[in-house]
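Asker: Generate a structure from the sequence data that follows.
(one chain, ligands or ions: 1)
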Amino acid sequence: MIVVAGARGMLGRDLLELFGDRAQGTLRDDMDITSRASVSMALKRLRPHVVINAVAYTDVDGCETNRVQAFRVNADGVRNLAEVTAELGAKLVQVSSDYVFDGNGDVPWREDDAVHPLSVYGCSKLAGEENARLNPDHLIVRTQWLYGIHGRNFVETMLRVGRERDEVAVVSDQVGSPSWTVDLCLAIDALLGKNCCGTYHAANSGSCSWHGFAEAVFRESGMNTRVRPITTGELGRAAPRPLFSVLDCSKLERDTGYRPEGWRDALKKYLRKRSSHGEG
Ligand SMILES: NC(=O)c1ccc[n+]([C@@H]2O[C@H](COP(=O)([O-])OP(=O)(O)OC[C@H]3O[C@@H](n4cnc5c(N)ncnc54)[C@H](OP(=O)(O)O)[C@@H]3O)[C@@H](O)[C@H]2O)c1
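Answerer: Reported below is the predicted structural model:
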């Protein structure tokens with residue numbers, strides 16, 4: 001059985017939908033990953049062969065002022081999961097982030113490229129990766145620019161502000177690969193299917209800036225909202241972001257045969273799915 005920790009999160013809910021009867025979700029009340037006792041009690045009861053950690057403190061700007069909490073969840077919590085899963089002989093799948101890279105470059109990042117996080121969030125996710133390796137049977141899956149039907153995300157923000165205004169300002173100097181949670185779930189399933197271990201990158205293919213992504217959201221939704229390009233500096237967020245964070249996912253394709261589809265096709269599918277869910 002697969003345990004999905006973070007069953008109420010954006011990724012966690014899609015993982016549970018994909019795995020169906022094969023998986024069981026845990027909420028913070030069932031398993032608070034920051035408590036070793038809670039992790040030990042929950043996993044000893046459930047006896048999974050795989051634990052997928054979809055729990056994180058994901059407020060990137062909030063992490064800058066809540067460093068202790070960021071490390072408690074994103075690093076110490078992963079250590080608890082790694083040690084208990086190792087004890088039980090279970091695999092740990094740790095979901096990580098492109099923010100472990102500094103984004104200085106123009107070539108997609110490979111799994112073995114040097115890491116150099118710029119933000120507290122990135123540092124805490126990197127510490128989480130190091131802790132995940134305490135279980136020799138670990139799988140670290142770095143992803144980026146996630147959106148999904150069950151969470152607050154960039155696509156939903158654009159659709160909301162696009163209904164309220166004629167023009168929105170969006171940063172054009174950060175480049176990445178917008179990634180649909182459903183395609184990430186399929187990548188994780190493919191990696192588990194081949195019993196892969198170690199570190200992998202998984203994101204939809206192709207890349208764009210946030211500005212280009214916003215334009216695509218409006219175009220594919222039939223909205224006429226204009227998108228004004230601005231710089232990261234002009235936006236003035238608390239946490240520094242990597243400017244070029246495209247992930248090279250060729251290792252995923254080589255080892256599993258699964259190639260995530262292009263980001264624009266994934267966006268179209270997402271928009272169709274959300275309208276069939278009755279979202280406006
Ligand atoms: N979103 C992105 O763009 C992005 C990009 C790259 C990587 N990632 C990674 O992808 C993974 C999933 O992200 P997401 O966007 O799906 O996250 P999310 O929607 O913010 O969900 C995170 C979940 O973690 C739970 N949680 C927080 N602290 C907990 C604790 N101490 N014990 C148990 N549960 C706790 C939260 O529970 P409550 O509901 O109770 O608060 C929430 O359901 C994370 O590892 C994230 O770092 C995300």
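Asker: Break down the stretch 51-200 of the chain into its strands, ranges please.
Answerer: For the stretch 51-200 of the chain, applying DSSP state E, counting those that start in this stretch gives strands covering 91-97, 138-143, 146-147, 167-171, 175-176, 179-180, 198-201.
Asker: Name the nearest residue to the one residue in the stretch 151-280 of the chain that gets nearest to the ligand, ignoring sequence neighbours.
Answerer: Per C-beta to the nearest ligand atom, the residue of the stretch 151-280 of the chain with the smallest distance to the ligand is residue 151, at 4.3 Å. (Each C-beta comes from the backbone N, C-alpha and C, glycine too.) Closest residue in space to residue 151, ignoring its immediate chain neighbours: residue 10 at 2.5 Å, by C-beta to C-beta, 6 or more residues apart in numbering.
Asker: Work out for me the element the residue nearest to residue 25 when sequence neighbours are not counted sits within.
Answerer: Distance criterion C-beta to C-beta, 6+ apart; nearest residue to residue 25, sequence neighbours excluded, is residue 7 at 2.6 Å. For residue 7, there is no host helix or strand (DSSP states H and E).
Asker: Contact distance from the ligand - what residues of the chain qualify?
Answerer: Applying C-beta under 6 Å from any ligand atom, we find that the chain lies next to the ligand at 6, 8-12, 28, 32-34, 54-56, 58, 73, 77, 95, 97, 125, 143-146, 151.
Asker: How confident was the prediction at residue 280?
Answerer: Here the pLDDT value assigned to residue 280 is 61.
Asker: the bottom helix or strand of the protein by mean pLDDT?
Answerer: helix 232-235 (a mean of 91; mean pLDDT, DSSP states H and E).
Asker: Check which helices and strands it is in contact with.
Answerer: strand 167-171 (3 or more C-beta pairs under 8 Å, 6 or more residues apart in numbering; DSSP states H and E).
Asker: returning to what we had before: return the distance of the least confident helix or strand of the chain from the chain's centre.
Answerer: Chain-centre distance of helix 232-235: 23 Å, with C-alpha atoms, centre = their mean, to the nearest Å.
Asker: contact partners of it?
Answerer: Residues from elsewhere that reach helix 232-235, judged by C-beta atoms under 8 Å, 6 or more residues apart in numbering: 169, 171, 173, 174, 241, 243.
Asker: how far does the following helix or strand past that helix sit from the chain's center?
Answerer: Under the assignment DSSP H and E, the closest C-terminal helix or strand after helix 232-235 is helix 250-256. Once both centres are worked out by C-alpha atoms, centre = their mean, helix 250-256 turns out to sit 18 Å from its chain's centre.
Asker: Just want the residue of the stretch 101-250 of the chain that's nearest the ligand.
Answerer: Counting by C-beta to the nearest ligand atom, the stretch 101-250 of the chain gets nearest the ligand through residue 146, at 3.5 Å.
Asker: surely that residue meets residue 177?
Answerer: No. Residue 146 lies out of contact with residue 177 (C-beta atoms under 8 Å); the separation is 10.3 Å.
Asker: Those two: which is more packed in?
Answerer: Neighbour tally, residue 146 and residue 177, criterion other C-beta atoms under 10 Å: the higher count belongs to residue 177, 26 against 22.
Asker: All set, thanks.
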